[in-house]
Each structure stands twice: as C-alpha cells, then as structure tokens.
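Visitor: Generate a structure from the sequence data that follows.
(one chain, ligands or ions: 2)
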Amino acid sequence: MEDPANNYDHKEKAIIDERIKELTHNHDEYIHNHPELQQILNDFVTEVLLHKPQDTILFAREFFSKFNPTPVLNKPLAIIGPSGVGKSTLIKALTEQFPGVFEFSISFTTRNPRGQEKNGVEYYFITKEEFMSKIDAGDFIEWAEVHDHFYGTSKSVIDDIYSRGKVCILDIDVQGAVKIFQSGLEFNRVFVMPKSMKSLEDRLRGRGTEDDNILRVRLRNAQTEIETARENPNIFKDFITNDVFEQAYKDFLHLIYRYYEHLRS
Ligand SMILES: Nc1ncnc2c1ncn2[C@@H]1O[C@H](COP(=O)(O)OP(=O)(O)OP(=O)(O)O)[C@@H](O)[C@H]1O
Ligand SMILES: Nc1nc2c(ncn2[C@@H]2O[C@H](COP(=O)(O)O)[C@@H](O)[C@H]2O)c(=O)[nH]1
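Guide: Ligands and ions are numbered 1, 2, ... in the order given. Below is the predicted model:
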C-alpha cells in the first residue's frame, strides 16, 4: 500500500513533523506532571490479570466507579460492633423511623438460620460452596470469616438499594469495615461499644440464640474487634455505647443527623 506521507510535499511534511514533535512533547509533559496516571493504569492492569474477568467492560466500569465521588446524601452507613452489642436493634429503630430513607443490605452467610430468621430477610443463607463461587465471581464488595462462618456484602444488593435512591445500611464486622475503607469507597460508620464485657455476655445469653460454645467464640472475638477498632482511629472515628437503649439511640441519631444533614428538617 502506498504511504500517504508520499503525497505531501517537503513543506507539508515539515509542518506535520513539527506538529508531531509538539504533541509528543505535550503528552510527555502531561504524563510527567501526572504520575498518578501510571499508578492508576498499573493498578487496573494488575486487577484485570488477577481476576481475568470474562466481561472486561463491566469490570472496567466497576474498577473506575470507585473514582466517582459518592453523593453525600447516599453514602452507605455501616454499623459495626461485637456480636450482641445491639446493632440489629439500632438498625431496626432507624429504618422504622425513616422508612423511605434507609434500607438494610441483606448479606450472604454460610451460617444456619437461628430462631425465627428467614432466608432473604435477615440473610441469604447459602452453602460454603455457593459462597466460594460468589467470591470467585467477584460478587462481594467485601467478605469475611466471622465466628467460624462466612459473611459477605453483595454488590448487586447494594446497587439495587442505591438505584432506588436509598441509603444502604450495612451490619458488618470490623474486618468488613476495614476492607471497605481500603477499597476507597466512602461510607459513614458507627462502632457500637458495650458498657462492659459482662453486659455483652448478659445480652447474648438473654437473646438465647447461641449455645455456650458459640457464645464463648463470640465473646472472645469481641475483645479483638474492640481492640482493632481502637487501634485504627483513622477508620473508626465515631463510637457510641449501647447501655440504656434510649440514650444509645439518641447518640446514634446525633451521628445520623451529622452524616445526613437533610434529615434534620
Ligand atoms: N440497650 C439495650 N438494653 C437491653 N437489651 C438490649 C439493648 N440493645 C439490644 N438489646 C438486646 O440485646 C440482644 C442483642 O442485640 P442485637 O441482636 O441487636 O445485637 P447485634 O449486635 O445485632 O448482634 P449480632 O451481631 O450477633 O447479630 C437482643 O436480645 C436485644 O433485644
Ligand atoms: N464482614 C461482614 N460481616 C458481617 C456481614 N453480615 C453480618 N456480619 C457480621 O457478622 C457478625 C455475626 O452476625 P450474626 O448475624 O451471625 O450474629 C456480626 O458482627 C455482623 O455484623 C457481612 O456481610 N460482612
């Protein structure tokens, strides 16, 4: 095939060469002034090679979506704290007070339903094999092994709540909160503390849903969770203590109004 450059005379070639030089210089200068660009591209290629997604367009959309600033009004809300501290009780009170605003994100878990729990209400109860397949498919925004079972927050559940303009509420453990923080997603978070380890044990026993062995595991993990929260003040900034419920809920609401100012009126 004939080289189109042969159609230009000497003067035109010189102009084109000059323009190419100018553009190359501009591009080099831009790349030099934006070292983060190389990092972003490296991270993306590394992630692609790690996950080898079938749908690369969808993967790219998800990867780059973390650069979108989350609208303040819709930032997810995570309630974190040891088992039995009262997270579900606080979440229930909040969703009842603001029915059209907040919606609980139903997680997936490999533990068995307890008490009156129903599939698709408190959790989606799945087998360990199903959970592993979901990890491989990249279905979770975060997942963790908690008290000898797996728990994960589903991307599609979050997206669904988000698409309906609601604030999604996550009831997650500290590992989950750390993972979300590290992913760069902006989210509001409240760590709920017990008044004491004794009161936590009384609450868990009072709930009557765990046998003695499970209870011991949960209480042991509670110590570690509280230590992790205290050791990471950059992640865990807002704490409330759930002693007398009315006071705890008041303190909780105080934070909610700070995060979602539009609810004040
Ligand atoms: N302030 C409070 N005073 C007395 N009892 C409470 C208070 N808050 C919660 N409870 C009770 O304590 C028990 C544990 O509460 P809840 O189930 O909400 O904890 P949780 O943090 O969601 O636990 P888990 O992480 O295991 O799901 C429940 O029986 C609940 O009714
Ligand atoms: N990291 C995640 N932790 C989760 C998730 N869903 C629940 N949890 C936490 O697990 C423990 C135990 O819950 P329980 O219902 O078995 O008592 C509790 O601390 C929850 O906050 C999740 O999707 N990810």
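Visitor: What are the neighbouring residues in contact with whichever residue of the chain sits closest to ligand 2?
Guide: Residue nearest to ligand 2 within the chain: residue 176 (2.5 Å; C-beta to the nearest ligand atom). Just so you know, the C-beta spots here come from the backbone N, C-alpha and C atoms, and that holds for glycine as well. Contact analysis of residue 176 by C-beta atoms under 8 Å, 6 or more residues apart in numbering lists 78, 80, 142-144, 151, 153, 170.
Visitor: tell me the contacts of residue 200?
Guide: With contacts defined as C-beta under 8 Å, 6+ apart, residue 200 is in contact with 82, 84-85, 194, 219, 222.
Visitor: Mind telling me the two of the residues you listed farthest from one another?
Guide: For the contacts of residue 200, the farthest-apart pair by C-beta to C-beta is 85 and 219; their separation is 11.2 Å.
Visitor: In terms of neighbours, single out the busier of those two.
Guide: Counted by other C-beta atoms under 10 Å, residue 85 and residue 219 do not tie: residue 85 has more neighbours, with 27 against 17.
Visitor: any idea which helix or strand carries the more buried one?
Guide: Following DSSP states H and E, one finds residue 85 outside all helices and strands.
Visitor: What separation do you get for it and residue 130?
Guide: The span separating residue 85 from residue 130 equals 29 Å under the rule C-beta to C-beta, to the nearest Å.
Visitor: distance between the ends of stretch 170-187?
Guide: Its first and final residues considered, stretch 170-187 spans 10 Å by C-alpha to C-alpha, to the nearest Å.
Visitor: Pick out the residue nearest the middle of the chain.
Guide: residue 180 (3.7 Å; C-alpha atoms, centre = their mean).
Visitor: check contacts around that residue.
Guide: Contacts were defined as C-beta under 8 Å, 6+ apart; by that measure residue 180 touches 78, 141-142, 153, 170, 172, 187.
Visitor: ok, so of those residues, who is nearest ligand 1?
Guide: Checking the contacts of residue 180 against ligand 1 by C-beta to the nearest ligand atom gives residue 172 as the nearest, at 9.5 Å.
Visitor: from what I can see that closest one touches residue 78, true?
Guide: Yes - shown here, residue 172 and residue 78 form a contact pair, counting by C-beta atoms under 8 Å, at 5.7 Å.
Visitor: Quick one: name the residues of this protein near ligand 1.
Guide: By C-beta under 6 Å from any ligand atom, the part of the chain that sits against ligand 1 consists of 81, 83-89, 203, 206-207, 242, 245, 248.
Visitor: For those residues, which single residue is the most surrounded?
Guide: Counting by other C-beta under 10 Å, top hit in these: residue 81 with 29 neighbours.
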